[in-house]
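Enquirer: Return atomic coordinates for the entry below.
(2 chains)
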Number of protein chains: 2
Amino acid sequence: MSIYTPDWVKHAIFYQIYPDSFARKVPSHQQWLLNVPLENWDALPTFQGYKGGNLWGVIDKLDYLQDLGINALYFNPIFQSASNHRYHTHDYYTIDPLLGGNEAFETVLKEAHKRNFKVILDGVFNHASRGFFFFNDILENGPNSPWLEWFKIIDWPLSAYDGNLAANYVSWIDYRALPQFNHDNPAVREYIMQVGEYWLRYGIDGWRLDVPDCIKTEGFWQEFRERVKAVNSEAYIVGEIAGDASQWLDGTQFDGVMNYPFAKATTTFIAGDRIVQKEVPSFYKPYPPIEEESYHLDKIDARQYAKDINDLLQRHPWEIELTQFNLLDSHDTPRLLSLAGGDRTTVKLATLLLFTFPGTPNIFYGDEIGLSGGYEPDCRRGFPSEDQWDQEVLQYHRQLISLRHTYKALRIGEYHTIYAQGQVYVFARILEDEVLIIAVNGDTNPQEVHVSMGDRGESVFQIKPDQLIYGDGKINWNDTGLTLSLPSRSGLMVAS
Amino acid sequence: MSIYTPDWVKHAIFYQIYPDSFARKVPSHQQWLLNVPLENWDALPTFQGYKGGNLWGVIDKLDYLQDLGINALYFNPIFQSASNHRYHTHDYYTIDPLLGGNEAFETVLKEAHKRNFKVILDGVFNHASRGFFFFNDILENGPNSPWLEWFKIIDWPLSAYDGNLAANYVSWIDYRALPQFNHDNPAVREYIMQVGEYWLRYGIDGWRLDVPDCIKTEGFWQEFRERVKAVNSEAYIVGEIAGDASQWLDGTQFDGVMNYPFAKATTTFIAGDRIVQKEVPSFYKPYPPIEEESYHLDKIDARQYAKDINDLLQRHPWEIELTQFNLLDSHDTPRLLSLAGGDRTTVKLATLLLFTFPGTPNIFYGDEIGLSGGYEPDCRRGFPSEDQWDQEVLQYHRQLISLRHTYKALRIGEYHTIYAQGQVYVFARILEDEVLIIAVNGDTNPQEVHVSMGDRGESVFQIKPDQLIYGDGKINWNDTGLTLSLPSRSGLMVAS
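Expert: Next up is the predicted model:
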């Protein structure tokens, strides 16, 4: 079977919007958005409060994002949902009224497409919410509900809102706010497939799928891919799989997954001892979970990083690697800045590695202006006003985005690790006569390293790039290879 | 102010469909409707079970209804709702999936309009349900909800599903399944107005409004009328007001109300002692309620009937009287057949009075084929298969409907009571040279009555109708007036 993934994803730079916290604007004709009680925008986020960010606000930010070089948006859930993160879906066909409703989404989609942005939505198809109609009917009518088989009921009456009882129906991680669909019911399966198709027909460009590994029904994601791609063969399907995603990345299911293994390897290599252990996200920990206290996320050296990264790159077909969804953090992790104890250099070096890695890079809103925040919900702070931006962070984001757009090799070129010792990691991205070398020195001391070309190097480096296009340091070629002088904790990129 | 009501209503014959019990058909492409657990169609209805009637089934019945002479449909609620009666609205913009969803409604509306049927929907705007998004958000997020002001919360945490606690939020008749909107909130008001407009634009021909007297916000129904009529000036607005409706029938709010006073007067006159007291609906009882046991619905004679009916006809402007929504029973009362202890003649005579009364007659589904049923939910039985129909009942319905279509005087002619003594009631409907006389003898003995014309009669009866067009009996005119020979418990209609 030949594997095909959407070409545009390989060339995309994603920006992830957490709608409640990104931007807010109230149009005069949507009276229901006025005077609603909201959390203060600048106050620390809470689990139950809303900041009231909405899609009208997003529209106002599109010029900023376009200017930054973004060309794809990933929205955290926007369907009607009784939670600020909107993972508790109440209605799969309605955009949340606090976000401006279907009208606002129609407008944002049009405006985004006008700027040649792609737009993907977050599909939460493993579970719904207690207010979701088909579950609500069971809550209201008990064993008489026509929708009994849509969920897996264990006992009556349902304990959905009943004090401190455990859920007596199957729910996601036994969290009774999130009753889990019975995907083995053909009606449920069809319902979800139609939701998938509906929004594609509406005009979105793909789906990010929440906890898709929780759906065990055979052929489910294969059918989803077939039906979604039948509507739009260029639709992007990216799954949230934190661990080994091989079984979903065989070309019959997802085009990529949220690349937490990349984030973990990059973080442990670059942040090293700076990692604030209490902030380590569950995605980086072993599964099944071990006792919280006993876990320690250890730093790794360049050699280990090379191993981790190359293992990762060889795990899936190259066509898939080019559409992996790469990230450093997300709404489900602390911001890298906070995980690294506030070390701005960690973020800078990790961002260099993100934008030079095969697969599509994703910027979690605010990372580009130095927003900090610990584990959820703290990582979901209100996007700050410009006077609070870290302009240096914004500057290197602009630069890296621009370089990724300029150099096709960064997007679809081969990946070769060429040096990995101590805290120094050097690799090349090569596409025909476009050759780039990227180097990172994670050490607190300056490093000078010599990359001997040897047999393999000779073939890789027919062209010897020597123009510094990003970062600090010096590069020299001689007969035996390449010498790099790297300041302490720095990175650079050279091009041919 | 000149009062205007929609002309088509004056000429309409409504058929009221209780969707869960009227007809069921499952199209092959709506897989979710297959294999759902349902009550047996012929079993007595329950409060929590579903029979699974749907809009696809209604489409299959349109030819039958057209053939019967129906030209307007009133649907009990069809919006997504976790109850078989669907008065617990979960989503005002979605047709219930068990009914076939928006697709089925679009089709039924198209098919109905193709047959020149008008279609009105049931709008439940006083209260929503526990699953309704804006309430569900409060349930999920407590005092942090942005929608706090959409309802009137009394205490935390909400007792919505909490055992046997009373509702600690304002709800309809303290029924905590039905949280009442805070209509004083401009956002709520606007939300409801937009729902009203939306479905009019979608193509419906009017709204039946549930418990509109419970909404006390000043100007609410005036604004509703203005906005609805701005979309379609011929839209019909009929309120569910059981008692004196004068304050709503001033021409600035509703075009008519559900005419329970007509039903009560007609029932007590015709059924008389046959009324099964335990079945008497609350609408016929005094308000505020008196002790159940002590109330007795007494029979009335023709003189009292004349008084009640003429009081009723003079209570509102004539333009309104012509668009009152007349009925003998509904989803909220026992079937007249059952209220009258099974006396088929009561139904026959009352139906004659219904179809000859000013205002639009409404047939509660199944009344036309002799369906019986006591107080709710019993009055909502599954519409039976043809072998169980009472063909005589169907026959006189056909005949009365046909006569109402033939004689414009029955629809918009003047109404004159000309005789009311003992159990004999005689009246005329007159439109220019179209003159009809309708007589009912509710007595168990045959009656011969002489209607002396006198001064007023001379002017009324310039034309002296003498052709028997419906029922049994004889009519004779002489110089002094009119003599009617009426068999026991019978009715007739004569035309000029």
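
Enquirer: When you work out contacts or count neighbours from here on, use the C-alpha atoms and nothing else.
Expert: OK.

Enquirer: ok, the residue of the stretch 251-400 of chain A found nearest chain B - contacts?
Expert: For the stretch 251-400 of chain A and chain B, the shortest gap (C-alpha to the nearest C-alpha) falls at residue A:377, measuring 14.8 Å. When contacts are counted by C-alpha atoms under 8 Å, 6 or more residues apart in numbering or on different chains, residue A:377 touches A:45, A:46, A:47, A:331.

Enquirer: Would you check how far apart the second one and residue B:143 are?
Expert: Relative to residue B:143, residue A:46 is positioned 13 Å away (C-alpha to C-alpha, to the nearest Å).

Enquirer: right, quick check: stretch A:90-108 against chain B, any contact?
Expert: Yes. Contact of stretch A:90-108 with chain B (C-alpha under 8 Å from any C-alpha of the partner chain) involves residue A:90.

Enquirer: can you dump the C-alpha coordinates of that stretch into CSV?
Expert: The C-alpha coordinates for stretch A:90-108 follow below in CSV (Å, rounded to 0.1, in the frame of the first residue of the first chain):
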residue,chain,number,x,y,z
HIS,A,90,-22.8,19.1,24.5
ASP,A,91,-23.6,19.4,20.8
TYR,A,92,-21.4,18.4,17.9
TYR,A,93,-23.2,20.5,15.4
THR,A,94,-23.3,23.8,17.2
ILE,A,95,-20.4,26.2,17.8
ASP,A,96,-20.4,27.3,21.4
PRO,A,97,-22.6,30.5,21.9
LEU,A,98,-19.9,32.0,24.2
LEU,A,99,-17.5,31.7,21.2
GLY,A,100,-20.0,33.6,19.0
GLY,A,101,-21.9,30.6,17.7
ASN,A,102,-22.0,29.2,14.2
GLU,A,103,-22.1,32.6,12.7
ALA,A,104,-18.7,33.5,14.2
PHE,A,105,-17.1,30.3,13.1
GLU,A,106,-18.4,30.7,9.5
THR,A,107,-16.8,34.1,9.5
VAL,A,108,-13.5,33.0,11.0
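
Enquirer: hmm, who's touching that stretch?
Expert: Contact partners of stretch A:90-108, identified using C-alpha under 8 Å, 6+ apart, comprise A:19-20, A:30, A:33, A:52-56, A:58-59, A:78-82, A:128-133, A:195, B:133.

Enquirer: In the stretch 1-150 of chain A, where is pLDDT below threshold?
Expert: A:1 (pLDDT under 70).

Enquirer: in it, which spans are strands?
Expert: For the stretch 1-150 of chain A, the strands defined by DSSP state E, counting those that start in this stretch occupy A:14-17, A:72-75, A:79-81, A:89-95, A:118-123.

Enquirer: What's the nearest residue in the stretch 201-350 of chain A when you look at chain B?
Expert: Residue nearest to chain B within the stretch 201-350 of chain A: residue A:227 (15.5 Å; C-alpha to the nearest C-alpha).

Enquirer: Point me to the helix or strand that includes that residue.
Expert: Residue A:227 belongs to helix A:220-231 when assigned by DSSP states H and E.

Enquirer: list the helices and strands that helix packs on?
Expert: Counting contacts by 3 or more C-alpha pairs under 8 Å, 6 or more residues apart in numbering or on different chains; DSSP states H and E, helix A:220-231 packs against helix A:186-202.

Enquirer: From what I see, residue A:211 and residue A:239 are in contact.
Expert: Yes. In this structure, residue A:211 is within contact of residue A:239 by C-alpha atoms under 8 Å, at 7.3 Å.

Enquirer: what sits opposite residue A:415 in the beta ladder?
Expert: Beta-bridge pairing of residue A:415 under DSSP bridges involves residue A:429.

Enquirer: Now for it: which residues touch it?
Expert: Contacts of residue A:415 (C-alpha under 8 Å, 6+ apart): A:357, A:358, A:427, A:428, A:429, A:430.

Enquirer: Now residue A:251: closest residue in space that isn't a chain neighbour?
Expert: In space, and not counting its chain neighbours, residue A:251 is closest to residue A:3: 5.3 Å by C-alpha to C-alpha, 6 or more residues apart in numbering or on different chains.

Enquirer: what's the pLDDT at residue A:286?
Expert: As summarised for this prediction, residue A:286 has a pLDDT of 81.

Enquirer: Would you mind measuring from it to residue A:182?
Expert: 28 Å.

Enquirer: re the thing from before, please spell out which residues along the helix holding residue A:227 are buried.
Expert: A:220, A:221, A:223, A:224, A:225, A:227, A:228, A:229, A:231 (16 or more other C-alpha atoms under 10 Å in any protein chain shown).

Enquirer: In space, what's closest to the second one - neighbours in sequence excluded?
Expert: When you say that, I think you mean residue A:221. residue A:253 is the one closest to residue A:221 (C-alpha to C-alpha, 6+ apart), at 5.5 Å.

Enquirer: ok, which residues in chain A are in contact with chain B?
Expert: Neighbours of chain B within chain A, by C-alpha under 8 Å from any C-alpha: A:31-33, A:36-38, A:48-50, A:80-83, A:90, A:131-133, A:136-137, A:140-141, A:144-149, A:161-163, A:186-188, A:190-191.

Enquirer: which among the residues you listed end up buried?
Expert: Among the residues of chain A next to chain B, those classed as buried by 16+ other C-alpha under 10 Å are A:31-33, A:36-37, A:48-50, A:80-83, A:90, A:131-133, A:136-137, A:140-141, A:144-149, A:161, A:187-188, A:190-191.

Enquirer: Show me those residues that map onto helices.
Expert: Counting by DSSP state H, the part of those found in helices is A:133, A:136, A:137, A:140, A:141, A:187, A:188, A:190, A:191.

Enquirer: I'd say the third one and residue A:147 touch.
Expert: Yep, that's residue A:137 we're talking about. Yes. Counting by C-alpha under 8 Å, residue A:147 is a contact partner of residue A:137 at 7.2 Å.

Enquirer: how about the helices in the stretch 201-350 of chain A?
Expert: Using DSSP state H, counting those that start in this stretch, the helices of the stretch 201-350 of chain A run over A:220-231, A:260-270, A:302-315, A:318-321, A:336-339, A:344-355.

Enquirer: among those helices, which is the most enclosed?
Expert: With neighbours defined as mean count of other C-alpha atoms under 10 Å in any protein chain shown, the helices of the stretch 201-350 of chain A peak in mean count at helix A:336-339, which reaches a mean of 26.

Enquirer: for residue A:482, which residues make a bridge with it?
Expert: Beta-bridge pairing for residue A:482 (DSSP bridges): residue A:451, residue A:477.

Enquirer: got the domain boundaries for chain A?
Expert: Domains of chain A are assigned by automatic domain parsing as A:7-126+A:181-406, A:414-495.

Enquirer: Which residue, other than its chain neighbours, is closest to residue A:391?
Expert: Nearest non-adjacent residue to residue A:391, counting by C-alpha to C-alpha, 6+ apart: residue A:369, 6.5 Å away.

Enquirer: what secondary structure does residue A:470 sit in?
Expert: strand (DSSP: H, G, I helix; E, B strand; the rest coil).

Enquirer: quick one: contacts for it?
Expert: A:399, A:400, A:491, A:492, A:493, A:494.
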